[in-house]
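> 3D model of this:
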Amino acid sequence: MINTSTTKHFFAVDLGATSGRTILGTLQDGKLTMEEISRFKHGIVRMCGHYYWDIYHLYKEVIFGLKVVAQKGIVPDSIGIDTWGVDFVLVDKDGQILRTPYSYRDPHTNDALEYYFQMVPKERVYEISGIQFMNFNSLFQLAAMKKHADSALSIADKILFLPDALSYLLTGEMVTERTILSTSAFMDARTGKVSNELLSPLGLSDQYFAPIVQPGHLIGTLSQEVQLLTGLGSVPVVAVAGHDTGSAVAAVPATEDGFAYLSSGTWSLMGIETQAPVINQDSYAKNFTNEGGIDNTTRLLKNICGMWILERCREEWQDAPKSYDTLYEETQKVAPFRSFIFPDAPEFANPVSMVEAIKNFCQSTGQSVPSSYREQARCIFDSLAMRYREVFEMLQSFSNIHIDRLHIIGGGTQNYLLNQFTANAINIPVYAGPVEATAIGNIMVQAKSNGLVSNLKEMRKVISQCVSPQCYLPKDTDIWDKAFCRYKLVTNK
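Below is the predicted model of the structure:
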């Protein structure tokens, strides 16, 4: 039952791979309002031949946001932290962080899959984990560290994923939250436990991990040290859906089943919710992933290289407008479907020049080579929309119900041009919003922990009453159908 009789304040820490923010969410009379407390840049630190995350900077920014809230005279009813997936911190027996954690973009994992599959067959890894194979999965990061005789790993006592590590720094209590663990490729998707079968070849076991908890679990309260730093008292810290996509999907404003979701940002993650993992020969062949969701649901999805391609190009374009809306207007002046790329091709993962990578792909596949920023942007948007259709059709084949709408959530909801292209390509209505989905999901899990809502359905009912997604109806579907056939020929899909 939804409880709207009280006013509650929830402090959400939402960390993406390039920036972070702290947000104060207030639930009053069944309405959710949000205030951004702080926003900050952070990024990969390159040193000593590796790429790292500055966890100390992240911790200081969380403390800063909490101090601002305290100065406002507000005491949050709880605190929750979400981050991107897979990355982790090593902790020694004294409870100290051993060193700055690797970034998932560190090249030390480039040959980690081949190394690991010599110990455990690829098919067996998927049979247990149900996770899409990507070289930066936590399992393969650990394999790379083992292969290179990493000194920190050799003396580690505990392994904490990033949101759990930050919660530990706030409370002194260690947990392993299920949704972030599910991104690792060493969680047994059926049992929700760490798989010793997958870790033992690396000399590791479930003993390296703190107790596994569900979203909504009370981790602890702010330590005395943090209370002194922030001016707050013993505020509870809650394990939300620590994986940001898990929090974002929880905020889909859907009151009925039959939808797919697209969490759109640096990465695009398209999927559906299921009550159990989908692990079979078809999902293995199509490289789909099964990640944990709220209320023991499974997020069956596929990672797609999203706005990463556009953002890398924008760094190179000298004559392109800075405004996104102006860029979208200029892009529409270019003829459609002149050239396509396959967004998930390895050459777009982290090239020296994304512009040259696009040109080279088009040239090697016998297409018109996009020379201007307008042509390159159109190529990116056309290709992403076609890739979304491709993945959507796969999802429909896995679902036992008809999918009649797509909910786009996250920063990509503001890309009205790609949203319309997506509706055209998939030929179903697309609902874009909320843009702040991750923070909303984070806050609503805290609300669930506080007893204001009982389950995911009630969470979404509250959210649907507070947001108004923009609807995009399909247009020119015959033209897009023909273009999709050409896209598949060009990309050999």
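> can you give me the helices for the stretch 251-400 of the chain?
For the stretch 251-400 of the chain, applying DSSP state H, counting those that start in this stretch gives helices covering 281-285, 307-316, 324-331, 354-364, 373-398.
> First residue to last residue on stretch 198-205, what's the distance there?
End-to-end distance for stretch 198-205: 9 Å, by C-alpha to C-alpha, to the nearest Å.
> sorry, that was for stretch 438-458
OK, stretch 438-458 end separation, C-alpha to C-alpha: 17 Å.
> coming back round to it: buried deepest among the helices of the stretch 251-400 of the chain, which one?
Stretch with highest mean neighbour count among the helices of the stretch 251-400 of the chain: helix 373-398 (a mean of 22; mean count of other C-beta atoms under 10 Å). Using the backbone N, CA and C atoms, a C-beta is placed for each residue, glycine as well.
> what residues does the helix or strand just after that helix touch?
Downstream of helix 373-398, the first helix or strand assigned by DSSP states H and E is strand 405-409. The contact list for strand 405-409, computed with C-beta atoms under 8 Å, 6 or more residues apart in numbering, reads 248-249, 251-254, 258-264, 392, 419, 422-423, 426, 428-435, 437, 469.
> After strand 405-409, which helix or strand is next?
Going down the chain from strand 405-409, the next helix or strand is helix 416-426, by DSSP H and E.
> Show me which positions of that next one end up buried.
Leu417, Leu418, Asn419, Gln420, Phe421, Thr422, Ala423, Asn424, Ala425, Ile426 (16 or more other C-beta atoms under 10 Å).
> Let's have the helices of the stretch 251-400 of the chain in TSV, adding distance to Tyr168.
Below are the helices of the stretch 251-400 of the chain laid out as TSV (distance: least, C-beta to C-beta, whole Å):
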stretch	distance to Tyr168
helix 281-285	34
helix 307-316	30
helix 324-331	37
helix 354-364	37
helix 373-398	36
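> Would you mind writing the CA trace of stretch 439-448 as CSV?
Extracted in CSV, the C-alpha atoms of stretch 439-448 (Å, rounded to 0.1, in the frame of the first residue of the first chain):
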residue,chain,number,x,y,z
ALA,A,439,18.1,9.3,-9.6
ILE,A,440,14.3,8.7,-9.4
GLY,A,441,14.8,4.9,-9.2
ASN,A,442,17.5,5.4,-6.5
ILE,A,443,15.1,7.6,-4.5
MET,A,444,12.1,5.3,-4.9
VAL,A,445,14.1,2.3,-3.6
GLN,A,446,14.9,4.3,-0.6
ALA,A,447,11.2,5.1,-0.3
LYS,A,448,10.4,1.4,-0.4
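> could you give me the average pLDDT of it?
Mean per-residue pLDDT for stretch 439-448: 98.
> how far out from the middle of the chain is that stretch?
Averaged C-alpha coordinates place stretch 439-448 at 16 Å from its chain's average position (C-alpha atoms, centre = their mean, to the nearest Å).
> Tyr59: what's it in contact with?
Contacts of Tyr59 (C-beta under 8 Å, 6+ apart): Leu166, Leu169.
> And Ala70, by the same measure?
Contacts of Ala70 by C-beta under 8 Å, 6+ apart are Thr230, Gly231, Leu232.
> How about the secondary structure of it?
On the three-state scheme (DSSP: H, G, I helix; E, B strand; the rest coil), Ala70 is labelled helix.
> which one is it nearest to, not counting chain neighbours?
What sits nearest to Ala70 in space, not counting adjacent residues and going by C-beta to C-beta, 6 or more residues apart in numbering, is Gly231, at 3.8 Å.
> check contacts around the one you found.
Gly231 makes contact with Lys67, Ala70, Gln71 under the criterion C-beta under 8 Å, 6+ apart.
> Can I get stretch 53-65 in CSV, CA atoms only?
Taking C-alpha atoms only, stretch 53-65 is exported to CSV below (Å, rounded to 0.1, in the frame of the first residue of the first chain):
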residue,chain,number,x,y,z
TRP,A,53,39.0,5.8,-11.1
ASP,A,54,39.8,8.4,-8.3
ILE,A,55,37.6,6.9,-5.6
TYR,A,56,38.9,9.5,-3.1
HIS,A,57,37.6,12.3,-5.3
LEU,A,58,34.2,10.6,-5.5
TYR,A,59,34.1,10.2,-1.7
LYS,A,60,34.9,13.8,-1.2
GLU,A,61,32.1,14.9,-3.5
VAL,A,62,29.6,12.7,-1.7
ILE,A,63,30.7,14.3,1.6
PHE,A,64,30.4,17.8,0.0
GLY,A,65,26.8,17.1,-1.1
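> Mind listing what's buried along it?
By 16+ other C-beta under 10 Å, the buried positions in stretch 53-65 come out as Trp53, Ile55, His57, Leu58, Tyr59, Glu61, Val62, Ile63, Gly65.
> The third one belongs to a helix, doesn't it?
Translated: His57. Yes: secondary structure of His57, determined by three-state DSSP: located in a helix.
> What's the separation between the closest residue to it other than its chain neighbours and Asp476?
Of all residues not flanking His57 in the chain, His42 sits nearest, at 5.8 Å (C-beta to C-beta, 6+ apart). To Asp476, His42 is 41 Å away according to C-beta to C-beta, to the nearest Å.
> So those two - more neighbours on which side?
His42 (17 against 11; other C-beta atoms under 10 Å).
> Who are the contact partners of the more buried one?
His42 neighbours (C-beta under 8 Å, 6+ apart): Leu15, Thr18, Ser19, Gly20, Trp53, Asp54, His57, Leu58, Glu61.
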